[in-house]
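J.: fold the stuff below for me.
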Amino acid sequence: MLYPLKTLLLCCLCFSAGVLAEPVQRSFSDWQVTCNNQNFCQARNTGLHQGLVMSIGRSAGVGVDATLRIELGALTRAFVGQPPIAPRLQLDGVPLVLSGRWHSGEHMLSTNDSSTIGAFLREIRDGEAITLHDGPGNLSLIGLKAALLYIDDRQQRVGNESAWLEKGLAAARSVPLVPALQTLPVPEPVTPLSKEERETLLDYAAWRMNASHCSIDPVRQQVRAWALSETSALVLVSCEAGAWNVVDLAWRVPRNDPTRAIPVQLTLPFQPRGQNRRLELMNGQFDEKTGELRTLEKSRGIGDCGVATRWRFDGQRFRLARYAAEPACDGWHGPDAWPVLWVTRQASAHLTP
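T.: Down below sits the predicted model:
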């Protein structure tokens, strides 16, 4: 359902400056908008696009850091032998004439020039679809205007000369600054677990497994352990399993006394729409090089949608370092390219026990 622009504008203006730093993900007909905790916003068309997708991104603040890409591709399909897409683009069946500064490749057309982006959006915003002459692809424009207005309001550009829609006389320099980032420590090198420590931890995990109510098939059961600090270790035990997701249980365990283990709970610093702040640990992996605990919840087997997170241990608990989510299961991209809702800054620091 399309959102009337005036109604949407009135609703958006109700947001306070404090709320604007909250991550958000919204859908407007065939368009999806994601804005992270720095108010960097990105949007793309979703659904039955047949591999033709336009992605728009813009940073908050006074700067003009923006990008626009039109790509032909898919997670499970390679478009080989196709002629370049730029000369074949059509807007509602009429050849699309490009002006400004563009970079053109076989499967992608892109620009980071703000004037070019603004002019292009004004040209296409009232259209219904961009297609390719003599080829696949259906880039729906239904919902684009609502998505652009939402981004403008999110970054407080409505009535500003820098707005994509609803431009005004306010100077670009009057746009609010980019919200500050949280800083997380970078773990320092840790002595790896000794053979004896690892065996003790795995024995402890096996005991916890026997005492739990996990239903996973023993064939798929995994028990893993890593050093977190000089005094603590992380133990993961697979507990439940579906077709493509495994739910893990995790403990932070003293390296010299496993009986004092503490369950690991992953709590988000924000609440995703329609979800709980307590995150279930799925398909967990610990990267010893970066000191990050990673989770990946796949909404379907090919991994084109779901939630991917990274957590960093600060000496006391795991804190969210990165959160990405893709609710649209349309075969476009994998976890590494999902829209990011939460980012952090890293700074060196000593870990406490």
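J.: what about stretch 174-190, how long is it end to end?
T.: 47 Å (C-alpha to C-alpha, to the nearest Å).
J.: list the buried residues for that stretch?
T.: 175, 178-179, 184-185, 187, 190 (16 or more other C-beta atoms under 10 Å). From N, CA and C alone the C-beta is placed, and that goes for glycine too.
J.: what's the answer for stretch 135-152, then?
T.: 137-152.
J.: pLDDT weak spots in the stretch 151-300 of the chain?
T.: For the stretch 151-300 of the chain, no stretch is flagged by pLDDT under 70.
J.: try it again with 90
T.: Applying pLDDT under 90 to the stretch 151-300 of the chain picks out residues 166, 172, 185-189, 204-222, 242-243, 259, 273-275, 288-290.
J.: could you pull out the helices for it?
T.: Applying DSSP state H, counting those that start in this stretch to the stretch 151-300 of the chain gives helices spanning 195-211.
J.: what residue of this structure is the furthest out?
T.: Glu196 (39.4 Å; C-alpha atoms, centre = their mean).
J.: quick one: residues contacting it.
T.: If you count contacts by C-beta atoms under 8 Å, 6 or more residues apart in numbering, Glu196 has none.
J.: Ile56 bridge partners, please.
T.: Ala43, Leu68 (DSSP bridges).
J.: number of nearby residues for it?
T.: By other C-beta atoms under 10 Å, the residues close to Ile56 number 24.
J.: my guess is it meets Ala43, correct?
T.: Yes: between Ile56 and Ala43 there is a contact under C-beta atoms under 8 Å: 4.9 Å.
J.: what is in contact with those two at once?
T.: 148, 151.
J.: what about Val223, distance to Ala261?
T.: Separation of Val223 from Ala261 (C-beta to C-beta, to the nearest Å): 13 Å.
J.: who has more neighbours, the two?
T.: Ala261 (19 against 16).
J.: who's in contact with that one?
T.: Here Ala261 is in contact with 204, 208, 235, 251-254 (C-beta under 8 Å, 6+ apart).
J.: just the buried members of those residues?
T.: 204, 208, 235, 251-253.
J.: returning to what we had before: please enumerate the shared neighbours of Val223 and Ala261.
T.: Jointly contacting Val223 and Ala261 under the rule C-beta under 8 Å, 6+ apart are Val235.
J.: on that earlier part again, rebuild the buried residues of stretch 174-190 as TSV, extending it with distance to Arg77.
T.: What follows is the buried residues of stretch 174-190, written out as TSV (distance: C-beta to C-beta, whole Å):
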residue	distance to Arg77
Val175	40
Val178	37
Pro179	38
Leu184	38
Pro185	42
Pro187	40
Val190	43
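J.: so which of the residues you listed belong to strands?
T.: 184-185 (DSSP state E).
J.: ok, the buried residues of stretch 174-190 vs Gly73, which is closest?
T.: Val178 (30.5 Å; C-beta to C-beta).
J.: what residues are up against the closest residue to that closest one other than its chain neighbours?
T.: Distance criterion C-beta to C-beta, 6 or more residues apart in numbering; nearest residue to Val178, sequence neighbours excluded, is Gly61 at 4.2 Å. Counting by C-beta under 8 Å, 6+ apart, Gly61 touches 39, 155, 175-178.
J.: could you dump these into TSV and include distance to Gln275?
T.: Formatted as TSV, those follow (distance: C-beta to C-beta, whole Å):
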residue	distance to Gln275
Asn39	21
Gln155	24
Val175	30
Pro176	28
Leu177	29
Val178	26
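J.: quick check: Trp31 touching Ala43?
T.: Yes: judged on C-beta under 8 Å, Trp31 makes contact with Ala43 at a distance of 5.7 Å.
J.: give me the common contacts of these two.
T.: 144, 147.
J.: run a quick neighbour tally on Gln316.
T.: 11.
J.: that one and Arg252, how far apart?
T.: Taking C-beta to C-beta, one finds Gln316 at 9 Å from Arg252.
J.: how about Ala74?
T.: The gap separating Ala74 from Arg252 is 41 Å, by C-beta to C-beta.
J.: I'd assumed Gly137 was in contact with Asn45.
T.: No: between Asn45 and Gly137 there is no contact under C-beta under 8 Å: 10.6 Å.
J.: and this structure, what are its domains?
T.: 5-174, 183-348 (automatic domain parsing).
J.: on that earlier part again, how near is the residue farthest from the centre of the chain to Asn256?
T.: Using C-beta to C-beta, Glu196 is found at 11 Å from Asn256.
J.: hey, what's in contact with both of these two?
T.: Contact criterion C-beta under 8 Å, 6+ apart; residues shared by Glu196 and Asn256: none found.
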